[in-house]
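Undergrad: this is a predicted model, with the sequence first.
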Amino acid sequence: MLDKEFKEKIEALLGTDRSSFAPEDLIAYSYDANTEKRAMPEGVVLPESVAEVSAILKLANEYEVPVTPRGGASGYTGGVVPVEGGIIMAMDRFNKILEIDRDNFLAIVEPGVITKTLQEEVDKIGLMYPPDPASTAFSTIGGNIAENSGGLRAVKYGVTKNYVMGLEVVLPTGEVVRTGSKCIKDVVGYNLTELFVGSEGTLGVITKAVIKIVPKPESVRTMTATFRTLEDAAEAVKAIFATGVRPSTLEFLDRISVEVVERAIHFGARPEEGALLLIEVDGPDIALDGDVANIEAACKKCGVITFRKARTEEEREELWKARRALSFAVCEISEDWEDDDISVPISRIPQMIRKLDEIAARHDIIIYNFGHYGDGNIHVGMTTGKSGRPFPMAAKDEVVAAAVSLEGRIAAEHGIGCVKVHNLHWNIDEPTLRMMRSFKKLLDPKGILNPGKVMPKE
């Protein structure tokens, strides 16, 4: 229960138009877009300035009120669900692109800027912001930084942390710190920027970010290749990398994914095709014909069944159809899916898929897999189909355990949040966990910022 004096001070600071403690206003802040977890906050605040963020956190620290920062709420692991009550700090009004510096290839943005908005703005001047999560049309830069989001282009361009040069962060005590700079080379002090990237709002509230942007590639070429087995596709991936070509996109669909998409959109898959690779290369137009030829030759060495190349933008869209159709195609099997996000070393992907097939057989469930082959990120969908049976939740832990057994990680790009916090020790040993707790305690001595996320309780 929030202290009456605390609420009065918040209202005096923000007014009643940018703060609320009314239950009818709070329901919309009790969940995210993809997690079944629900928890009602006791209040919501919408600051507009760094000074207001600082003042709110000082008050929350004084009264020991939990604060959950919230961006676009498009996450998959409950990172913005206020599991311990307190207040939601909605960063909606921090939505400005403050500067685009073409000469120095950087932008300065507030955390509420929609990722696609930044991409479109820099595209106008021939530049590109490469991180491209599936939620790019509605996720925010602040949320991407908090989760260290990846996306389709990560195999060549890396993930969000590779593009964050500096941050302005308000600590849970209200102190404002600034990390990094506009300089490409900067070894002044510890690299505190990466401490906050991927911290899921547990160490500080980001209020500004210096973001690296890059020249937009002249051309893009798109291909698909199908194989009898995922093992054949894996050999093709190794052969592609051996040519020296670095695809900008390297996606895969497993047998079930190929089958359901074929039933949904009839894109021409054959019964014997058990794996599909979607491949893109980008760069100078003059070099791409050679890249495509090298990729085709590598796939032919590994038993490719069909190899398709897009020659026009319309054909490119046609090749992307299979990948984009997957999310609605699987609804023919079931509308009730349990999702997971894991990563393994890329050479272990076929072994991981075999383990997932074993889990599916053991629990009599359906599992389909797709993801980013070039960086080992597998997205796993699980269901009992239309049987009406409840989903055996033990299967989810078995999926995560299987990834760990192959030197993988329990999360790849969707974070830990409150959903996977009980699995953290599967990847993090006790000495490392103690170090992480010491960082948390140093920056957040009263444990008010996004409690119940990332860090399991002692």
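TA: Good, I have the coordinates.
Undergrad: the host helix or strand of residue 167: partners in the sheet, and parallel or antiparallel?
TA: Assigned by DSSP states H and E, residue 167 falls within strand 164-170. The pairing partners recorded for strand 164-170 under DSSP bridges are strand 176-180 (antiparallel), strand 205-212 (antiparallel).
Undergrad: what residues sit buried inside the first one?
TA: For strand 176-180, the buried set under the neighbour-count rule, 16 or more other Cβ atoms under 10 Å, comprises 176, 179, 180. No exception for glycine: its C-beta is placed from N, CA and C like everyone else's.
Undergrad: then the last one?
TA: Burial within strand 205-212, assessed by neighbour count using 16+ other Cβ under 10 Å, is assigned to 205, 206, 207, 208, 209, 210, 211, 212.
Undergrad: what pLDDT does residue 73 get?
TA: Predicted confidence (pLDDT) at residue 73: the value is 92.
Undergrad: my guess is it meets residue 88, correct?
TA: No: using Cβ atoms under 8 Å, residue 73 makes no contact with residue 88, being 9.6 Å away.
Undergrad: circling back to that earlier point, just the buried residues of strand 176-180 now: which is nearest residue 136?
TA: residue 180 (23.5 Å; Cβ to Cβ).
Undergrad: how near is the nearest residue to that closest one once chain neighbours are set aside to residue 249?
TA: Spatial nearest neighbour of residue 180, chain neighbours left out: residue 166 (2.9 Å); criterion: Cβ to Cβ, 6 or more residues apart in numbering. Distance check for residue 166 against residue 249: by Cβ to Cβ, to the nearest Å, it reads 28 Å.
Undergrad: quick one: which of these two has more around it?
TA: For residue 166 versus residue 249, neighbours defined as other Cβ atoms under 10 Å are more numerous around residue 249 (26 against 20).
Undergrad: verify the stated contact: the more buried one with residue 150.
TA: No: using Cβ under 8 Å, residue 249 makes no contact with residue 150, being 11.8 Å away.
Undergrad: in the stretch 351-458 of the chain, which spans are strands?
TA: All strands of the stretch 351-458 of the chain, identified by DSSP state E, counting those that start in this stretch, fall at 366-372, 377-383.
Undergrad: any idea of the angle the helix or strand of the chain with the lowest mean pLDDT forms with strand 366-372?
TA: Least confident element among the helices and strands of the chain, by mean pLDDT, DSSP states H and E: helix 313-329 (a mean of 91). Per axes from the mean of the first three to the mean of the last three Cα atoms, to 10 degrees, the angle that helix 313-329 makes with strand 366-372 is 150 degrees.
Undergrad: may I see the buried residues of helix 313-329?
TA: The neighbour-count check on helix 313-329 (16+ other Cβ under 10 Å) flags 316, 318, 319, 320, 322, 323, 325, 326, 329 as buried.
Undergrad: quick one, strands of the stretch 151-300 of the chain?
TA: Under DSSP E, counting those that start in this stretch, the stretch 151-300 of the chain gives strands at 164-170, 176-180, 205-212, 214-215, 219-227, 249-253, 275-283.
Undergrad: turn those strands into TSV, including distance to residue 421.
TA: TSV is the format used below for these (distance: least, Cβ to Cβ, whole Å):
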stretch	distance to residue 421
strand 164-170	22
strand 176-180	26
strand 205-212	20
strand 214-215	35
strand 219-227	38
strand 249-253	29
strand 275-283	33
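Undergrad: got these as TSV, with distance to residue 292 and mean pLDDT columns?
TA: Formatted as TSV, the strands of the stretch 151-300 of the chain follow (distance: least, Cβ to Cβ, whole Å; pLDDT from 0 to 100):
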stretch	distance to residue 292	mean pLDDT
strand 164-170	33	98
strand 176-180	38	98
strand 205-212	28	98
strand 214-215	21	96
strand 219-227	5	97
strand 249-253	13	95
strand 275-283	7	96
